[in-house]
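**Q** Fold the stuff below for me.
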Amino acid sequence: MMKNIFLSFLLFYNYTIPQNNFVVFNLMNAPFPTNKPFNIVQDKDGSYWFSFFSEKRNGINYPGGIARFDGSTWQVFTNQNSPLPTKSVNVIAIDSLGRKWIGTDSGLVKYDGMNWIIYTKDNSPLMEDIIWNVTVERDTIIWIASYTTGLYRFDGINWNRWHTDNSPLISNQINFILIDDAGIKWIGADYSPLFSFDGTNWQLHGKFPFAPGPGGFANPDVRSMAIDKYNTKWISGAGYWGAGLPRWYAIAKFIDTTWTFYDSTVIGFQHYSNYCGVAIDKNNIKWFTDFRNGLIRYDDTTFYLFNQENSPISNSWAIIVDKFNNKVFSAELNEQLPDGTYLRGIVFYNENGVVLSSAENYSPKPFDFYLAQNYPNPFNEKTKISWHSPVSGHQTIKVYDVLGREIATLVDEYRNPGIYEVTFNAENLPSGIYLYKFSTGLHSLTKKMLLIK
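**A** Residues are numbered from 1 along each chain as shown. Here you go, the predicted structure:
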């Protein structure tokens, strides 16, 4: 065992990092609303969206908000220049229609590029206004992780809630919902092992210290999770090692029921690390944020730590891997502000050189024909239909009743490859089930929708 650890140390120190593989944005070179960037997401046009916490600096209160960056220009939204209802934004998720679902300390916000809709405990079934995480399932089903009141599902009309009183969940402090290719929901929370939920059945997953152990002690925080190309689950968080013992933060992987743990004493870094985010890049390399020590890289053989000695950062929080295989993460930097506090920023890292492309010059093409479920569904009078086509050609979107009679033609024209959307207005139609069909050349796709008045 000691021999293996020593070999790991040798490999650790032999990994070199060209400094020009980092691109850093902060208050000094970007219009950040605050010095507290947090979560990150990339939309289908290649733009990045960042969330920011509020802060007080030099006696001045700075509102948090969101920022959009297309690779060259920035756009910032706060509660002072938009209907954003809060000073702190925790997370942003984006559905297939391009709408932003924003989790804040003052409710759930939907932004479609023009309109802002705010869901709070006063106008929706939400039991609290602090939304910690948001995940989109398939096209437009929204899963919401609240701070203290459990897990929510919202399909645009109907709300469902699971919590400790009506489900096997043992904590209402939900950190994330990750949805795998089979549609299974994986749920991590504070003071709880990992759960999975297929819509009907719940299953608890864990092994001490991420599950009940000797003497019945269990107090893990499952902070983050990612699934690699071999369907191996990777999680990070704090395990509970027994009464009177410190909480050790660990990285864990599991396949079926086989668990492997990498705690702070095994991988060679400071004993009491704090692992937070997990991401997996296109080469199946794992990346773990650590908001005490830096950023961790693991290639299934060797752990490597990026820190203030070999990179622009000293610690990190949230991370994604973008479509260019850049690792994009929020971090504390090595630079200080005039008041002595450390700058925080958004860092892009790529072993082969960072790629930044303006959304105006980047037009992704879909790789397959695709017809999304209309949204909302069921709907009252108006709904949106989106589709993808990888080829040029004459395209039609038509609506039929259940007897196959054509009701409306929404699109009937030549179009280039792309991602499109159209609104269907059914104000003159009776309630009932309707079909909508996308056709181009030899390909056609059909889905059902329900009109309720």
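**Q** Name the surrounding residues that touch stretch 114-130.
**A** 82-85, 90, 104-111, 144, 146-150, 152, 154, 159, 161 (C-beta atoms under 8 Å, 6 or more residues apart in numbering). Yep, even glycine has a C-beta here, placed from its N, CA and C like the rest.
**Q** Show me which of those residues are buried.
**A** Buried by 16 or more other C-beta atoms under 10 Å: 84-85, 90, 104-111, 144, 146-147, 149-150, 152, 154, 161, out of the contacts of stretch 114-130.
**Q** what about stretch 157-168, start to end distance?
**A** End-to-end distance of stretch 157-168 (C-alpha to C-alpha, to the nearest Å): 25 Å.
**Q** buried set for it?
**A** Buried-residue list, stretch 157-168, by 16+ other C-beta under 10 Å: R161, W162, H163.
**Q** ditto for stretch 251-262
**A** I251, A252, K253, F254, W259, F261, Y262.
**Q** So the fifth one belongs to a strand, correct?
**A** Yes: following the definition DSSP: H, G, I helix; E, B strand; the rest coil, W259 is counted among the residues of a strand.
**Q** So D165: helix, strand or coil?
**A** Look at D165: counting by three-state DSSP, its state is coil.
**Q** next one: K323
**A** coil.
**Q** Just the helices from this protein, written as ranges.
**A** 2-14 (DSSP state H).
**Q** where are the low-confidence patches of it?
**A** 1-20, 208-209, 212-219, 239-248, 264-275, 357-368 (pLDDT under 70).
**Q** mind putting the buried residues of stretch 251-262 in TSV, distance to I397 included?
**A** As requested, the buried residues of stretch 251-262 are arranged in TSV below (distance: C-beta to C-beta, whole Å):
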residue	distance to I397
I251	47
A252	46
K253	44
F254	44
W259	48
F261	51
Y262	50
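**Q** Strands along the stretch 251-400 of the chain, start to end?
**A** Listed in chain order, the strands of the stretch 251-400 of the chain (DSSP state E, counting those that start in this stretch) span 258-263, 275-280, 286-290, 294-298, 303-306, 313-321, 327-336, 342-349, 370-371, 382-389, 393-401.
**Q** Of all those strands, which one is nearest F25?
**A** Among the strands of the stretch 251-400 of the chain, strand 342-349 comes nearest to F25, with 4.7 Å by C-beta to C-beta.
**Q** Centre of the chain to the closest one, how far?
**A** Strand 342-349 sits 19 Å away from the centroid of its parent chain (C-alpha atoms, centre = their mean, to the nearest Å).
**Q** and what of stretch 441-453?
**A** Relative to the centre of its chain, stretch 441-453 is centred 29 Å away, using C-alpha atoms, centre = their mean.
**Q** Then stretch 83-103?
**A** 11 Å.
**Q** Tell me which residues of that stretch come out buried.
**A** Buried residues in stretch 83-103, defined by neighbour count with 16+ other C-beta under 10 Å: 84-97, 99-103.
**Q** Those in strands, which ones?
**A** V89, N90, V91, I92, A93, I94, K100, W101, I102, G103 (DSSP state E).
**Q** Spatially nearest residue to N90 (excluding sequence neighbours)?
**A** With sequence-adjacent residues excluded and distances taken as C-beta to C-beta, 6 or more residues apart in numbering, N90 is closest to G103, at 4.6 Å.
**Q** Please apply the same query to K56.
**A** Nearest non-adjacent residue to K56, counting by C-beta to C-beta, 6+ apart: Y62, 7.3 Å away.
**Q** you'd agree the one you found is up against T34?
**A** Yes: in this structure Y62 lies within contact range of T34 using C-beta atoms under 8 Å: 4.6 Å.
**Q** Show me which of those two is the more surrounded one.
**A** Of the pair Y62 and T34, T34 is the one with more neighbours under other C-beta atoms under 10 Å, namely 23 against 20.
**Q** which residues does that one contact?
**A** By C-beta under 8 Å, 6+ apart, the residues touching T34 are F52, F53, S54, E55, R57, Y62, P63, G64, G65.
**Q** from the residues you listed, which would you call buried?
**A** Among these, those classed as buried by 16+ other C-beta under 10 Å are F52, F53, S54, E55, Y62, P63, G64, G65.
**Q** what's the most distant pair in these?
**A** So, these by C-beta to C-beta: farthest apart are E55 and G65, at 11.5 Å.
**Q** number of nearby residues for W287?
**A** Counted with other C-beta under 10 Å, W287 comes out at 23.
**Q** Could you find the closest non-adjacent residue to it?
**A** Nearest residue to W287, sequence neighbours excluded (C-beta to C-beta, 6+ apart): A279, at 4.8 Å.
**Q** wait, that neighbour sits on I320?
**A** Yes: with contacts counted by C-beta under 8 Å, A279 reaches I320, the gap being 5.7 Å.
**Q** Other residues contacting stretch 329-340?
**A** 24, 26-28, 35, 37-40, 50, 57-58, 277, 287, 289, 291, 295, 308, 312-320, 342-347, 349.
**Q** quick revisit: which pair in the ones in strands among the buried residues of stretch 83-103 spans the largest distance?
**A** Distance extremes for those: the farthest pair is N90 and I94 at 15.1 Å, using C-beta to C-beta.
**Q** show me what contacts F25?
**A** So F25 contacts F32, F69, G345, I346, V347 (C-beta under 8 Å, 6+ apart).
**Q** quick one: V24 from N325, how far?
**A** Using C-beta to C-beta, to the nearest Å, V24 is found at 18 Å from N325.
**Q** Next: N160.
**A** The gap separating N160 from N325 is 36 Å, by C-beta to C-beta.
**Q** Might you report the residue contacts of V402?
**A** Counting by C-beta under 8 Å, 6+ apart, V402 has contacts G432, I433, Y434, L435.
**Q** Distance of the second one relative to F53?
**A** So the one you mean is I433. I433 is 45 Å from F53, where distance means C-beta to C-beta.
**Q** and if you look at the first one?
**A** Computed as C-beta to C-beta, the G432 to F53 distance reads 47 Å.
**Q** returning to that earlier point: which among the contacts of F25 gets closest to T383?
**A** Proximity of the contacts of F25 to T383 (C-beta to C-beta) peaks at F69, which lies at 31.4 Å.
**Q** What distance do you get for the closest one to V76?
**A** Noted for F69: a distance of 10 Å to V76, by C-beta to C-beta.
**Q** Give me the more crowded residue out of those two.
**A** Legend: neighbour count by other C-beta under 10 Å for F69 and V76, higher for F69 (23 against 17).
**Q** Who are the contact partners of the closest residue to the more buried one other than its chain neighbours?
**A** In this structure, F69 finds its nearest non-sequential neighbour in Y48, 4.7 Å apart by C-beta to C-beta, 6+ apart. By C-beta under 8 Å, 6+ apart, Y48 lies in contact with I40, V41, Q42, R68, F69, D70, D322, V328, I346.
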